[in-house]
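J.: Provide a 3D model corresponding to the input given below.
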Amino acid sequence: MGRETYAFLTGLFVIILGAASVIAAMWLGNYGEEYKSYYVVTQRSVSGLNPESTVLFRGVNAGKVSTIRFDPQDRRNILVRVELNEDLPITRSTYAILRVQALTGLAQVELYDTGEQPEPLPTDPDDPARIPLRPSLFDKLTESGQDILSQLGMLATRLNSVLNENNRQRIERILEAVATSTEHLAIFEKRVDEMLAEIPALSGEAQRMMAGINRLAGDLDATVKEVRGLVKSTESLIASGRTAGDVVVQTTLPKVNELLDETESIAVDIRNLSNRLENDPRILLFGSPKPAPGPGEPGFQEPR
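T.: From the prediction side, this is the model:
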């Protein structure tokens, strides 16, 4: 095999290797696909995010990070330039979240859309549109944890100021007073139980008294009936003799009428007493309740 053959094989190998390298570069760089450039803007830390980091749109691979730099117009802002597939539905309500992987610590950008503004977000390679970076759940928990720690510190300081030596002594005195009041309350409950135990016997006596009063009222009714019969007999006697009738009319009948009026008044009083005892037996122990003071009397209060 001559030199020409070796030179030909060497050249062919170089050509094949170069073509394979170009194809591999095109395949790895997704050559031929069209991208749109956007800026993800934030003032938070972007630790773990690097160029070539993955960009996801609702969990689907959507592009990659190209550069990370500070905003020349506002140095507080960090501009993360991302190259996204052209067919992605990026709208004015699209926002980004930085997701940090637990094991490696590397971060990736995830895009979401609230759907509030469905209009497409126009962009330009020379002046890419800006997508806001919102705090993730981990960031919110971290901020909340810091706030909780600060509030706990304030609470501990206030507790220390409240529970000083003087206040602790006051609390001890209050607890002692509560214990004493509890003991007195127990004694009072015992006395009330003893009084309640005596009430059934008292109620039985009151019921027997009311039964006797009812019998007395019945006897008075019978007496009234007999007296009325006597009046009728007297009126018959008056009809039989005028002389005897004049005597009876002038002497006997007025006394009989007075007796009847007094008897009826006594019967009414006894019945009223019976009704009051039946409605409220405590009258036998405590007496009749005092009426409310009227106008001009001590303790009178005008109705509001």
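
J.: what helix or strand does the residue lying closest to V40 once chain neighbours are set aside sit in?
T.: Distances taken as C-beta to C-beta, 6 or more residues apart in numbering put V80 closest to V40, at 4.2 Å, once the chain neighbours are dropped. C-beta: built from backbone N, CA, C; applies to glycine. Assessed by DSSP states H and E, V80 sits inside strand 78-85.

J.: name the residues that touch that strand?
T.: Contacting residues not belonging to strand 78-85 are listed as 33-44, 46, 49, 55, 57, 62-71, 90, 109, 111, 128, 133 [C-beta atoms under 8 Å, 6 or more residues apart in numbering].

J.: on that earlier part again, and the residue nearest to V40, what are its bridge partners?
T.: V40, I68 (DSSP bridges).

J.: count of neighbours near it?
T.: Applying other C-beta atoms under 10 Å, we find 24 residues neighbouring V80.

J.: now it: how far from G63?
T.: Between V80 and G63 the distance is 12 Å, computed by C-beta to C-beta, to the nearest Å.

J.: list buried residues within the contacts of strand 78-85.
T.: 35-42, 46, 49, 55, 57, 62-65, 68, 90, 109, 111, 128, 133 (16 or more other C-beta atoms under 10 Å).

J.: those residues in strands, which ones?
T.: 35-42, 55, 57, 62-65, 68, 109, 111, 133 (DSSP state E).

J.: got the domain boundaries for the chain?
T.: The chain breaks down into these domains under automatic domain parsing: 33-136, 180-285.

J.: quick check: mean pLDDT of the last one?
T.: Across domain 180-285, pLDDT averages out at 65.

J.: and if you look at stretch 126-138?
T.: Mean predicted confidence for stretch 126-138 is 87.

J.: compute the inter-axis angle for the strand holding V80 and strand 35-42.
T.: Taking axes from the mean of the first three to the mean of the last three C-alpha atoms, to 10 degrees, one finds that strand 78-85 is oriented at 150 degrees with respect to strand 35-42.

J.: can you show me the CA trace of strand 78-85 as CSV?
T.: Extracted C-alpha coordinates of strand 78-85, given in CSV (Å, rounded to 0.1, in the frame of the first residue of the first chain):
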residue,chain,number,x,y,z
ILE,A,78,-31.0,40.2,38.8
LEU,A,79,-31.7,39.4,35.1
VAL,A,80,-31.8,35.7,34.2
ARG,A,81,-32.0,35.4,30.5
VAL,A,82,-33.8,32.3,29.3
GLU,A,83,-34.2,30.8,25.9
LEU,A,84,-37.7,29.3,25.5
ASN,A,85,-39.3,27.3,22.7
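
J.: buried set for it?
T.: Those would be 78-80, 82-85, for strand 78-85 by 16+ other C-beta under 10 Å.

J.: go on, stretch 104-115?
T.: 107-111, 113.

J.: can you list contacts of it?
T.: 40, 46-50, 53-59, 62, 65, 80, 82, 84, 88-91, 93-101, 131, 133.

J.: one more: stretch 67-74?
T.: With C-beta under 8 Å, 6+ apart as the criterion, stretch 67-74 contacts 41, 46, 49-51, 77-81.

J.: run the last query once more with 6 Å
T.: Applying C-beta atoms under 6 Å, 6 or more residues apart in numbering, the contact partners of stretch 67-74 are 77, 79-81.

J.: between the residues you listed, which sits nearest L152?
T.: Nearest to L152 out of the contacts of stretch 67-74 is N77 (C-beta to C-beta; 33.3 Å).

J.: tell me how far the closest residue to that closest one other than its chain neighbours lies from R44.
T.: Distances taken as C-beta to C-beta, 6+ apart put D71 closest to N77, at 3.8 Å, once the chain neighbours are dropped. Distance of D71 to R44, computed by C-beta to C-beta: 14 Å.

J.: okay, and the common contacts of those two?
T.: By C-beta under 6 Å, 6+ apart, no residue touches both D71 and R44.

J.: now the helices for the protein?
T.: Counting by DSSP state H, the chain has helices at residues 3-28, 137-162, 165-240, 242-247, 253-279, 283-286.

J.: picking up where we left off before, let's have the contacts of stretch 67-74 in CSV, adding distance to L149 and pLDDT.
T.: Output for the contacts of stretch 67-74, formatted as CSV (distance: C-beta to C-beta, whole Å; pLDDT from 0 to 100):
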residue, distance to L149, pLDDT
N77, 28, 94
L79, 32, 94
V80, 30, 94
R81, 36, 95
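
J.: now those residues as a markdown table including distance to R191?
T.: A markdown table is the format used below for the contacts of stretch 67-74 (distance: C-beta to C-beta, whole Å):
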| residue | distance to R191 |
| --- | --- |
| N77 | 80 |
| L79 | 85 |
| V80 | 82 |
| R81 | 88 |
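
J.: closest one to A24 out of the residues you listed, please.
T.: Distance to A24, by C-beta to C-beta, is smallest for R81 among these, at 25.3 Å.
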